[in-house]
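> kindly return the folded structure for what I paste below:
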Amino acid sequence: MTANSHCSVAESPGLETQRREIECLLRESELQAGDSWYVVDRRWFEQWKEFVESGDQNSSSFPGQIDNTELFEDLDSYHLKERLVENEDFMLVPAEAWHKLLLWYGMTDGQPALERKVVDLPSTLKVEVYPVEIFLCLHSNMENVISAQFSRTDSIYAIQTAMCQAFSVPPGSECHLWMKSSDSSCERLRNVHVSVLDACLSSGMTVIMETRNADGTWPSSRPQNMRNSVEEQDTYRGQPGVCGLTNLGNTCFMNSALQCLSNTPPLTEYFLQSSYLEELNFTNPLGMKGEIAEAYADVVKQMWSGRHYSVVPRVFKTKVGHFASQFLGYQQHDSQELLSFLLDGLHEDLNRVKNKEYIELRDAEGRPDQEVAEEAWRNHRRRNDSVIVDTFHGLFKSTLVCPECHKVSVTFDPFCYLSVPLPVSKDRVMEVFFVSLDPHAKPVQHRVVVPKAGRVSDLCAALSEMTSVPPTQMVVADVFNHRFYKIYNPEESLSCILDRDDIFVYELSEQDEDSVLLALYLRERSHYRDYGSSSNSYGASLFGHPLLLNVPRSSCSQEALYSLFLQRLARYVRPPDPAEELEEEEEDEEEELYKTQTNGISDDEQDASETAGPTEPEPCCSNTSPNGPSDSAAAAEPLPEVNHTPTALDQGDTEISNGSPNPTEIPICGSGVAGSPEGTSACGDLGADAEAEGSSKPPADAPQQPCDTTEGENEEEKLEEARSPSPPANEHPAKRRACRKRRRSLFTIQAVNSNGTTERGMGEGGSAVSFSSQPYVAIDWDPDMKKRFYNENEAERYVKHVSMEVPQQQTTVELQECIELFTNVETLEEENPWYCPVCKKHQLATKKLDLWCLPEVLIIHLKRFSYTKFTREKLDTIVDFPLRDLDFSSFLLRKDVSTEEPPSRYDLIAVSNHYGGLRDGHYTSYAQNKDNGQWYYFDDSKVTYASEDQIVTNAAYVLFYQRQDRIRKPTLAAPSTSSASPAHSASDITEMGAAPSCGTMTTD
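Below is the predicted model of the structure:
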């Protein structure tokens, strides 16, 4: 007799049989979690016992129908009375016993059966007499609240189903449940498969349901996701998937990766169809409790709703930063690194394997590749089974060979993307300006090829082949802002020099022990007092191009240096004739303007230096050409300004060697400067403000160079050696009066630091000055004198060597070449040896990777960022990748045995681009819409039409290919782009179909 039998009471078994069956069930039934037991009024049950024990069918103790009226508070709600006690107020009977009693005696009309579940409470099993009573309502109508009872063993999904029925929610609607406790705080009920008990739901709490909006957003998070007003979002209708992503601050890398994944058809359709809801893994210790998958699903559904110009992925960004601390904040990152994290996170959140078993991996040990590969793939799927594995995972063969015992180890490993290297040239092309000793020669711009891992001496050697100047007579310097940013030692690495630096190579006269390398700056004095300075000084600003020249120590007097500098500058400095000089001498007291102090020079020093020129002009200054021009000049076009601010710069000045055997102690002046009682030296030393006065290039753009010693480390030593005792102050007035009667020179000579500025006390004192490093001097020009005698146009001229006329070819490689490099044999690095099981030690084995099987969607990462022991660079090589019919058949070891064409042909579906260098840049993406087949260019919140001939560039960084046999044909016709320009917004595409004026790309 079953519980579903419809037998009348008359057909019930005998009373003794009833008693025996029920007592047996009560005695033998044990509580098991999830089983159903039923509540029966105790008085009815006791009367039944009395009836069956009497053995008389006509006994007056006949109980009648099962009646639980005494257990209810009222007969309208049928709620149980509070504080009922088992065996005093009610009895609990197992489900089988209840169904027998119900069959034999029936139930009072209208009363519900009081079914109760057995719950597994901590340390005990118990029948849940009083279930959890919670309040239910919709987010859209919080006033309409109903109550319902649920067992603690019921799942949250049961509550969701009951709410959908109670509130008539359309079937198929995507829902979120929120748990609201008495303190008004809300918590999301993410896992609908957990029980009410595990979700910590208790009586009196409220469960709120929200359904996803038509635009893909949730009512609870709409304010922080929206960029446009609600009205605009409700009225906008566009092509699904053609939607920008707002840059939250250096998040273009994230936007680029998201756009590529969003336009990967199998993954996007998986989320749009809400298939992920059934596969969320909330218990995976390697996952993110389903939060990354849900956050990504929200972004995808908003982007493909067709109701947004642009989506703000703030919630997704927060989730990513929460689970991957490297992406916290708003620093620039790598789109491929984010892509790797996201694919791994989605896989673990959606892994269908709830409990991963331990699997010991085996080596091939001579078995056939097919057998080993199938075993490896089965083992991988036993622990990893998700839509990510289905879509993106492939298998490659790894072969290691021990160099000693020649042990061959073969394993098959899964991969999610291929990181393929780019062919790296061992040479680099540098553009430099060569400044000759020839007084008539203008600077010549050369293009030379040097080793990437070479030294500065290699640059000099390469230039020597073009100029026939010995490399030993060359000095290489980086010129920035009219001063020497760095003077290079021949043994320094060329990696210190960036392509953006302005490099000048100076030809020097033959150097001997009696000469010193002198750096010469040009400065123009201001007519106005520098009130911003702490000293009583007049400003002096650098101009033109500096010079480097070898000067004999015997020629370091003021007069000798004046003549030497005039010779070097004669190409663009016109020497005055004696009549002009005398006229200058007779002018009024305007010179008093400079008598106090000019940029740190005391008034007496200044006066003395102004009158320290030769009495008669040197004949060679007017009749012969100087022995060298300035740093740059050109006949056809002016030299590009050296004082611009480059975008990527060195770290700072480094220690400079002048090429002498002992540069620390070099007496420059054998005697006091002529006409200068203060003993002002013709040469100066580095000052303490070598990096404080703006000579260093902007640090924000400066990559850290592997240079040895910075100039700042030796500042104190240099200052000590540069200072000399000052003469008595009472000598100054007399000397000033005496000097006024002397002829005025074109410029004055002043010792300076590497910045071209003068500190108080620099160069004062004795007859000789010692130098701990490179000496610097400046020649100061009066503005009027500079205007009359200095030819700025001629100073800026330069000529181009024939090497500059040869067009510089952009390096182009085929994608297949990169894949071949990926499969080449390589030797493991010392930091990553392989443990040989035969030799019983770590070995630098040879390793070879081969492709075994490829996934439906193949991601190819082009390793543009190259890091070696010598260089760090971004490779701007153009990789020519096909948009269609990328054939991997020649690279696959596994061959399809069927007669059909092997599934090894791929079509491009998306590209992540990176523009810029190592330290800065901008990410964008190209992607093909799966519905209409049109290519679009995604630049953060802007979306533009794109043509296929725009896609292959040297910015391509990550490529997405889909296998041809899985490509679905577009369901919509491609939009007309005949009137579209390369740049217009998503709103323009959708609403206008034509393009406004072109826009520019914004760099983070």
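
> any low-confidence regions in the stretch 601-750 of the chain?
Along the stretch 601-750 of the chain, segments meeting pLDDT under 70 span 601-744.

> hmm, try it at 50
601-696, 698-741 (pLDDT under 50).

> got a list of what the residue nearest to Asp887 when sequence neighbours are not counted touches?
Leaving aside its sequence neighbours, Asp887 sits nearest to Arg905 (Cβ to Cβ, 6 or more residues apart in numbering; 5.5 Å). The C-beta positions use only the backbone N, C-alpha and C, and glycine is treated the same way. Contacts for Arg905 were tallied using Cβ atoms under 8 Å, 6 or more residues apart in numbering; they are Asp885, Leu886, Asp887, Phe888, Ser889, Arg963, Gln964.

> again, but for Asn954
Neighbouring residues of Asn954 by Cβ under 8 Å, 6+ apart: Gln810, Asp876, Thr877, Ile878, Val879.

> one more time with 6 Å
Neighbour list for Asn954: Asp876, Ile878 [criterion: Cβ atoms under 6 Å, 6 or more residues apart in numbering].

> ok, which stretches of the stretch 801-950 of the chain are helices?
Counting by DSSP state H, counting those that start in this stretch, the stretch 801-950 of the chain has helices at residues 802-805, 815-822.

> give me whichever of these is most buried.
Comparing those by mean neighbour count (mean count of other Cβ atoms under 10 Å), helix 815-822 comes out on top with a mean of 17.

> closest to Ile749 out of the helices of the stretch 801-950 of the chain?
Nearest to Ile749, of all the helices of the stretch 801-950 of the chain, is helix 802-805, at 35.6 Å by Cβ to Cβ.

> what packs against that closest one?
The contact analysis (3 or more Cβ pairs under 6 Å, 6 or more residues apart in numbering; DSSP states H and E) places helix 802-805 against strand 444-451.

> who's in contact with whatever helix or strand comes next after the strand it packs on?
Proceeding N to C from strand 444-451, the next assigned helix or strand is helix 456-467, under DSSP states H and E. Applying Cβ under 6 Å, 6+ apart, the contact partners of helix 456-467 are Phe434, His446, Val448, Val450, Pro451, Pro471, Met474, Val476, Tyr488, Pro490, Glu492, Val505.

> now a PyMOL select for only the buried ones of those.
Filtering the contacts of helix 456-467 down to the buried ones (16 or more other Cβ atoms under 10 Å) takes a single PyMOL command:
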select buried, resi 434+446+448+450+471+474+476+488+490+492+505
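
> turn the contacts of helix 456-467 into CSV, columns for distance to Leu828 and pLDDT.
Shown next, in CSV, are the contacts of helix 456-467 (distance: Cβ to Cβ, whole Å; pLDDT from 0 to 100):
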residue, distance to Leu828, pLDDT
Phe434, 44, 94
His446, 41, 92
Val448, 36, 90
Val450, 30, 90
Pro451, 25, 88
Pro471, 39, 91
Met474, 41, 92
Val476, 38, 94
Tyr488, 36, 93
Pro490, 35, 91
Glu492, 31, 90
Val505, 41, 94
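
> now the strands for the stretch 751-900 of the chain?
776-781, 799-800, 812-814, 826-827, 834-836, 841-843, 846-853, 857-863, 865-867, 872-874, 878-880, 886-887 (DSSP state E, counting those that start in this stretch).

> just send those strands back as TSV, with mean neighbour count too.
Converted to TSV, those look like this (neighbours: other Cβ atoms under 10 Å):
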stretch	mean neighbour count
strand 776-781	24
strand 799-800	16
strand 812-814	14
strand 826-827	11
strand 834-836	16
strand 841-843	14
strand 846-853	18
strand 857-863	22
strand 865-867	14
strand 872-874	17
strand 878-880	17
strand 886-887	17
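
> work out for me the element Pro546 sits within.
Secondary structure (DSSP H and E) places Pro546 in strand 538-552.

> could you point out which element follows that strand?
According to DSSP H and E, the helix or strand after strand 538-552 is helix 558-568.

> can you mark which positions in that next one are buried?
By 16+ other Cβ under 10 Å, the buried positions in helix 558-568 come out as Gln558, Glu559, Ala560, Leu561, Tyr562, Ser563, Leu564, Phe565, Leu566, Gln567, Arg568.

> can you give me how far that helix is from the chain middle?
54 Å (Cα atoms, centre = their mean, to the nearest Å).

> what about Arg553, neighbour count?
Residues within reach of Arg553, counting by other Cβ atoms under 10 Å, total 16.

> what's the pLDDT at it?
If you check Arg553, the pLDDT there is 81.

> find the nearest non-adjacent residue to it, please.
Asp514 (5.4 Å).
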